[in-house]
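1. coords below, sequence missing:
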């Protein structure tokens, strides 16, 4: 499978990954975007250092946040030549917090690389949910 490494293609793949995971709640479908050695760094939690751990983590997260929803507002891709790209995603997330009523602004960084052998997309690192402010 080949991958068209344009800025738009990277942004579309990042959006597909996030919407599949967060809104469709399809963890297995979203996991196809993850490299086995992906790392999730979140400002509030310890790092998650594999795709398997990421999947387990999100199963718990989604069970604990049944109304979790991500509304992607903007994405920006910084191309890194043949290496891949970093995609920045600004979104509004809802269904957060202990009672599922919090709404937050979120900025996530998704560094994505092309596997030279198969030219498939893989997310190597996610730094997500840098909460900037609470909505009122």
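-> Perfect, I can see it now. Just so we're clear, the structure is a prediction, and the values are computed from it rather than from any experiment.

2. how about residue 22: what's its closest non-neighbour residue?
-> residue 70 (4.0 Å; CB to CB, 6 or more residues apart in numbering). C-beta coordinates here come from the backbone N, C-alpha and C atoms, glycine included.

3. what about the one you found, distance to residue 25?
-> Using CB to CB, to the nearest Å, we find residue 70 at a distance of 11 Å from residue 25.

4. so for those two, which sits in the more crowded spot?
-> Set residue 70 next to residue 25 and count neighbours by other CB atoms under 10 Å: residue 70 wins out with 21 against 16.

5. for the more buried one, give me its contacts.
-> 18-19, 22-23, 91-93, 106 (CB atoms under 8 Å, 6 or more residues apart in numbering).

6. so what's it bridging to?
-> residue 93 (DSSP bridges).

7. and the residue nearest to the spatial centre of the chain, what element?
-> For the chain, residue 18 is the residue whose C-alpha lies nearest the centre (CA atoms, centre = their mean; 4.8 Å). Residue 18 is part of helix 7-22 when elements are defined by DSSP states H and E.

8. chain neighbours aside, what residue packs nearest to residue 95?
-> In space, residue 95 is closest to residue 67, 3.3 Å off (CB to CB, 6+ apart).

9. state the distance from that neighbour to residue 110.
-> 24 Å.

10. with residue 69 instead?
-> 19 Å.

11. do residue 53 as well
-> 17 Å.

12. show me which of the two is the more surrounded one.
-> A count of neighbours by other CB under 10 Å puts residue 110 above the other of residue 53 and residue 110, at 26 against 14.

13. all helices of the chain, in order?
-> 7-22, 27-31, 51-64 (DSSP state H).

14. out of those, which comes closest to residue 38?
-> helix 51-64 (5.3 Å; CB to CB).

15. burial measure for residue 36, as a count.
-> Counted with other CB under 10 Å, residue 36 comes out at 8.

16. where in this protein is pLDDT low?
-> 1-4, 113-136 (pLDDT under 70).

17. looks like residue 48 contacts residue 54 (just checking).
-> Yes: judged on CB atoms under 8 Å, residue 48 makes contact with residue 54 at a distance of 5.2 Å.
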